[in-house]
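1. Dropping the sequence and predicted coords here.
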Amino acid sequence: TDERENIPLWQRIIAENKKRSPGKSRLAQKRPAQEVLFFEPVDAPGMSDLLKKQKTFGPKLRQMVEFRHRVKVACYKYNDEFYSTCMRDFLRKTERWENSPKKTARDLRNREIFERAFPEMKRTREEKERSCRNDRISLRGQDNSDDQAGSSEK
């Protein structure tokens, strides 16, 4: 018993299993073969009928899904084209309105009214116009100097 106590538990379990295993194999040889403990899903009752139905129904289902997809794509395409035409018309009308003399006259009238009420608005507008003018003049000067530099290099 002293030797058994010194042996770790896992080794004792393995040794006992080795002693018992030859006896179990002898019992298994005397017993008739056992039936399978699990079933394949194909072996289930009614499954063969279901598979036959699926073979006839599957292609129809795929056809229907493809048809619905085509219809959806056609609807998206139609909506896209319709939206594009409406947007183009809207932009054309907006552009026409922005450039109309009636609107520019109204904007000028409103600007005069606001600038009388708020003089700082007039100052800021004039500064903006002045800076834009200066930028344009400086850009023209750079373009001319670039042209001159390019011709002198040749």
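-> Everything's here; your move. Source: prediction; values computed, not measured. Numbering: from 1, shown residues only.
2. so who does Asp43 touch?
-> Under the criterion of C-beta atoms under 8 Å, 6 or more residues apart in numbering, Asp43 has no contact partners. Heads up, the C-betas are built off the backbone N, CA and C, glycines and all.
3. After the helix ranked longest in the chain, which helix or strand is next?
-> If you go by DSSP state H, the chain has its longest helix at helix 47-98. Remark: after helix 47-98, the chain's next helix or strand is helix 101-117, criterion DSSP states H and E.
4. Tell me the buried residues in that next one?
-> Neighbour counts over helix 101-117 (16 or more other C-beta atoms under 10 Å) mark Glu115 as buried.
5. That helix vs helix 47-98, what angle?
-> If you take axes from the mean of the first three to the mean of the last three C-alpha atoms, to 10 degrees, helix 101-117 sits at 70 degrees to helix 47-98.
6. Can you report how many residues neighbour Arg125?
-> Using other C-beta atoms under 10 Å, Arg125 has 13 neighbouring residues.
7. And it, how far from Cys132?
-> Distance, Arg125 to Cys132, using C-beta to C-beta, to the nearest Å: 11 Å.
8. pLDDT below threshold where in the protein?
-> For the chain, the stretches flagged by pLDDT under 70 are 1-4, 22-39, 145-154.
9. How is it partitioned into domains?
-> The chain breaks down by automatic domain parsing into domains covering 57-99, 101-137.
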